[in-house]
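K.L.:
Sequence first, predicted model second:
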Amino acid sequence: MSENRRPPVSRRGFLGGAAVAAATALPGLAQIAAAGPAAAAARPNILLIVTDDQPKQTEWALPKTVGWLADQGVRFTNGHVTTPLCSPSRSSVFSGRHAHNHGVRNNQASHVLDQSTTVQRYLQQAGYRTGLFGKYLNAWALEDNPPHFEEFALLQPGYVNARWNIDGTVKTINNYTTTVIKNRTLTFLDKAATDTRPWFAYVTPYASHGPRTPEAKYAGTAVPEWNGRPSVPEGDRSDKPAYIKDATGTLADGKAIRAEQLRTLLSVDDAVQAFKDRLQALGQLDNTLVIYIGDNGFSWGDHGWTAKSVPYRPAHEVPFYLSWPAGGRGAGTVDNRVVANIDIAPTILDAAGITPAAPQDGRSLLSSYDRDHLLVEWWKQGAGAGGVPTWSSYVAKDKQYTEYYDLTTDANGTVSGTGQVKFREYYDLTNDPHQLTNKLHQATPAQEQALGIPALAARLAADRVS
């Protein structure tokens, strides 16, 4: 694995009680906390909110979300995704595994995911009521029902008057899609008044993905002025890979994308507030574990880039919040650990008292586990010229080392190529947080040794196959 091995501290330690002291086996599935009314009462509800293409510096649009989940919960300041692309990232959320382990290496390979290893499967088998509201996985046919969700409103990505699969019936709904997702989720929550089972709601609006169409009431809303950061645009890109040298994104492009993203996220903020109000009315706010994350970040003209998929911080760093008052996560704390989307499934299962049968690369955020670095990876799909090459990266708080490879994938995520390292980057994130100076550009072997590159390369190689 790409993490240091430290024994996690189970949720059982701070929840206590006989309800989770024993476990029974479900064949081929997992170890589940002891059954019965006491165990059912101890298990939290789960609300998992995953936005689309939302970069980290977007909190202006989320005052109610931040006020609830960060200011009264936990704000993770070093939140990442392990692949900055939609389907690989979401598959990592579901499975707790890196893309090289779950196999969904690009947006076309969603069918490769082993659905028996997903958090929704474990929760449903453990007696949870499960619901999906919004986007699922790229390239997933709208007519195909998402496995292990009892109720669903599956969105064909779009903002206005989109196509949906509602519990098996495909139809058009004439409304703003974030509003539809909000209303469907609220109806799901309301059933808790008569259905005593704990529930899992996977809520995933299309915001802030392109074309970034705002709700009518927020169209043209003024957003705070933003004049870029040192990487927007980078004056000298001679030390960068060829695709970045050729990038043409400008500060004006970044400003436009940012404003459009913020306007779409205002509707997400309204939805999150509605969820909080309904949970409070139902008396379920205290024992609901809420996790909020973006499926990947987005570059606002950084290094000339106006997309995701790259090994630069705006693309793989994301907003990441957690709240669970009954589990001791309701006081408003800042957590500076290096955390990622692969940690979500282990966290949910830990809270629910479930030990998964399949291996996971992530660790429960409820434990004291603290990794020193994270593997972040991305694959080029197809053998055509241009675009972002396949790469992997060693990401720590103070440094980042990246290798680009002669490797590509097909639509099934199958990898081919020589694997030869074609380009490398190393950034001192303490002194160069915007990744302006690639210290491996024209570096001598002695300089590389002084930077610790051989050891980093060896660890990265190990991470990629673990």
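P.N.:
Structure received.
K.L.:
Every contact and neighbour count from this point should use C-alpha atoms.
P.N.:
OK.
K.L.:
in the stretch 351-466 of the chain, which spans are strands?
P.N.:
For the stretch 351-466 of the chain, the strands defined by DSSP state E, counting those that start in this stretch occupy 354-356, 374-378, 390-395, 399-405, 408-409, 415-416, 421-428.
K.L.:
Out of these, which gets nearest to Trp140?
P.N.:
With C-alpha to C-alpha as the criterion, Trp140 lies closest to strand 408-409 of the strands of the stretch 351-466 of the chain, at 18.3 Å.
K.L.:
Quick check: which ranges of this structure have low pLDDT?
P.N.:
Within the chain, the set of residues satisfying pLDDT under 70 comprises 1-41.
K.L.:
now for the strands of the stretch 351-466 of the chain, which one comes closest to Leu142?
P.N.:
The closest of the strands of the stretch 351-466 of the chain to Leu142 is strand 408-409. By C-alpha to C-alpha, the value is 24.2 Å.
K.L.:
ok, so what distance separates the nearest residue to Tyr426 once chain neighbours are set aside from Tyr427?
P.N.:
With C-alpha to C-alpha, 6 or more residues apart in numbering as the measure, Tyr401 is the residue that lies nearest to Tyr426, at 4.5 Å, once sequence neighbours are left out. Taken as C-alpha to C-alpha, to the nearest Å, the spacing of Tyr401 relative to Tyr427 amounts to 7 Å.
K.L.:
re the thing from before, what about the residue nearest to Tyr426, how many neighbours?
P.N.:
22 (other C-alpha atoms under 10 Å).
K.L.:
Could I get the contacting residues of it?
P.N.:
Tyr401 makes contacts with 393-395, 424-427, 453, 456-457, as judged by C-alpha atoms under 8 Å, 6 or more residues apart in numbering.
K.L.:
which among the residues you listed gets closest to Arg371?
P.N.:
Scanning these for proximity to Arg371, where the rule is C-alpha to C-alpha, the winner is Val395, at 10.6 Å.
K.L.:
mind checking which helix or strand Val50 is in?
P.N.:
With elements delineated by DSSP states H and E, Val50 resides in strand 45-51, which encompasses its position.
K.L.:
partner strands of that strand, parallel or antiparallel?
P.N.:
If you go by DSSP bridges, strand 45-51 pairs up with strand 199-204 (parallel), strand 288-294 (parallel).
K.L.:
As a markdown table, the ones you listed with distance to Trp324 and mean neighbour count would be great.
P.N.:
Compiled in a markdown table, those are given as follows (distance: least, C-alpha to C-alpha, whole Å; neighbours: other C-alpha atoms under 10 Å):
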| stretch | distance to Trp324 | mean neighbour count |
| --- | --- | --- |
| strand 199-204 | 14 | 24 |
| strand 288-294 | 5 | 25 |
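K.L.:
want to throw those strands into a markdown table with distance to Asp343?
P.N.:
Converted to a markdown table, these look like this (distance: least, C-alpha to C-alpha, whole Å):
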| stretch | distance to Asp343 |
| --- | --- |
| strand 199-204 | 16 |
| strand 288-294 | 11 |
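K.L.:
out of the ones you listed, nearest to Trp226?
P.N.:
With C-alpha to C-alpha as the criterion, Trp226 lies closest to strand 288-294 of those, at 21.1 Å.
K.L.:
any idea which helix or strand comes after the closest one?
P.N.:
Immediately after strand 288-294, counting by DSSP H and E, sits helix 313-316.
K.L.:
and the very next helix or strand once past that following helix, how far from the chain's centre?
P.N.:
The C-terminal neighbour of helix 313-316 among helices and strands, as given by DSSP H and E, is strand 320-323. Strand 320-323 has its C-alpha centroid displaced from the chain centroid by 12 Å (C-alpha atoms, centre = their mean, to the nearest Å).
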